[in-house]
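>>> Following is a predicted model, sequence given first.
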Amino acid sequence: MAEHDRPDLIERHGRQERLQHWVVALLFLLAAASGMALFHPALFWLAAVLGGGTWSVILHPFVGLAMALVFARFAAPQWGDNRLLPNDRVWLERLREVIEGRDEHLPEVGKYNAGQKVLYFVMVACVAVLALTGLAIWRRYFAGGLPVGVVRAAALLHALAAFVLVLGAVVHVAAALWVKGAVGAMTRGTVTIGWAWKHHRAWFRQMIRPTGGR
Amino acid sequence: MPLQSLDIVRRSATTTPSPMARAAAEVAVAKLIDTSKCIGCKACQTACMEWNDLRDEVGSCAGTYDNPRDLTDQSWTVMRFSEYENPKGDLEWLIRKDGCMHCADPGCLKACPSPGAIVQYANGIVDFHEEHCIGCGYCVAGCPFDVPRISKKDGKAYKCTLCSDRVAVGLEPACVKTCPTGAITFGTKEQLQHDAAERIVDLKSRGYEQAGLYDPAGVGGTHVMYVLHHADQPALYSGLPVAPRVSPVVRLWKGAAKPLALGAIALAAIAGLLNYVRVGAKEVDPADEAAAEREKEKAHG
């Protein structure tokens, strides 16, 4: 299990989880670029990412579907760690302090903080909506068999869910770059005990128990 | 295909001006289909096939005169036959030549994400430029009349062009040229509205009290108009929409949602960056590591 033997490190994301994360990230970039190309003319140039407009239309649904499947595999085991607890409400109420970078008065945080948890559920919902509505507007296989009203509603919902997901991804990336050590957690898999103590103290206490973790 | 001799007033997925430098102001053209003069001979369908080099598959009889049964990428116009028993108990055979209505406010063009795949000429014709079509089918969702069809052969969208290639060189559309009863006429929209008004007076005098012109305002008017004996009940004519309009869902999707969503995403990214430089990176310092080390040792006794 442990990929390191340094006592000053704690494993945060296993090898499989990290691989899944980056596969999802890559597929998301391809799907988001090609999808946004069809959303706003100012972004049509992004269609070049998948080889132009026609290739985007052909490939985007497969890329999106692959993303949804890997994401489901990736996100399912994290459900338990993301359950919202009473302390999370306090954390969210003090969001201002979080943004200001003042953590002193925040409640202790488990493996994920309340912001990460909310983002988790938002992303799960968005990916589910995107997958379903994406099938409905997939002209090549499905859209022709559905009433036009359903296709229109699906197109709008698809755009809305994509918008929320992209917004979520922006927040996710910004937070990961802001909190030093977070990117390392998803590339090397480990964080320092100081990092765990500072940002996720409840999780830290759980991990240093002699029985070891969960 | 692009017609260099025609000004373009609107171009799909384009935010800059379309090519419209020509000096002469173009007159709005239109096609008027007088359902009260139509005998259902399908010469227009044949002329359309011939001029546009289209050959649909030979289908099977569905028990009606509709043949082919629906519009396809190879059948840009189809005669739709419906049998209507009027309140007097008489049978009326209502025949409508279906096809693109060339809306002044085209839902297909609004929905299309591919720059220049759908254009609207200054004369009012809405044309698909298939070489720019990416095959997404958004035009199908955008159209209030269910007209565009995606070809299985090349994945591109096709529909009636109002013979834009003929009109550009001063000819009338092929269906108009061939119609043996004069049920289909072509000219300036203004002239045809005038002609239709005269015909409607005539129809009313012959007992069709509700005769009228179908030029629906919900899509800004159309450049294909119908004279209907029962203009109060367009749906009698094989489901001609009573009050067509670009769906509010499509308007939101391809209207306000676009700048709002893009703006919000850009703002979020900028806010993230600015907060980073304002507050500074959140780093773990040696004191945190030491505190963690102490606590760990205590836990292990």
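That came through, no problem.
>>> which bits of the stretch 101-250 of chain B sit near chain A?
Along the stretch 101-250 of chain B, the residues adjacent to chain A under the rule CB under 8 Å from any CB of the partner chain are B:113-115, B:132, B:134-138, B:140-141, B:146, B:150, B:155, B:247, B:249-250. Where you see a C-beta, it was placed from the backbone N, CA and C, and this is true even at glycine.
>>> For chain A, give me its nearest residue in the stretch 101-250 of chain B.
Among residues of the stretch 101-250 of chain B, the one nearest chain A by CB to the nearest CB turns out to be residue B:137. It sits 3.2 Å away.
>>> So that residue sits against residue A:141, correct?
No - taking CB atoms under 8 Å as the definition, residue B:137 is not a contact partner of residue A:141, at 11.0 Å.
>>> Who has more neighbours out of those two?
Each of residue B:137 and residue A:141 had its neighbours counted (other CB atoms under 10 Å in any protein chain shown), and the higher figure belongs to residue B:137 (24 against 9).
>>> what's near enough to touch the more buried one?
A:137, A:139, A:143, B:150, B:157 (CB atoms under 8 Å, 6 or more residues apart in numbering or on different chains).
>>> ok, of those residues, which one's closest to residue B:127?
Sorting the contacts of residue B:137 by distance to residue B:127 puts residue B:157 at the head of the list, at 11.3 Å, by CB to CB.
>>> What distance do you get for the residue lying closest to that closest one once chain neighbours are set aside to residue A:21?
Leaving aside its sequence neighbours, residue B:157 sits nearest to residue B:148 (CB to CB, 6 or more residues apart in numbering or on different chains; 4.7 Å). Separation of residue B:148 from residue A:21 (CB to CB, to the nearest Å) stands at 41 Å.
>>> Please say which of the two ends up with more neighbours.
Neighbours around residue B:148 and residue A:21, counted as other CB under 10 Å, are more numerous at residue B:148. The numbers are 26 against 17.
>>> right, and that one touches residue B:158 too?
Yes - counting by CB under 8 Å, a contact exists between residue B:148 and residue B:158, whose distance comes to 7.2 Å.
>>> what sits in contact with each of these two?
Each of residue B:128 lies in contact with both residue B:148 and residue B:158 under the rule CB under 8 Å, 6+ apart.
>>> For residue 90, the count of nearby residues, please.
Since you didn't name a chain, this refers to chain A. For residue A:90, which is what you asked about, the neighbour count (other CB under 10 Å) is 13.
>>> Not quite, go with chain B.
8.
>>> and the longest helix for chain A?
helix A:148-178 (DSSP state H).
>>> Now do it: distance to the chain's middle.
How far helix A:148-178 lies from its chain's middle: 12 Å, per CA atoms, centre = their mean, to the nearest Å.
>>> before we move on, the earlier item: report the contact partners of the residue nearest to residue B:157.
Residue B:148 touches B:100, B:108, B:128, B:139-140, B:157-159, counting by CB under 8 Å, 6+ apart.
>>> Repeat that for residue A:10.
For residue A:10, the set of contacting residues under the criterion of CB under 8 Å, 6+ apart consists of A:190-193, A:196, A:204, A:207-208.
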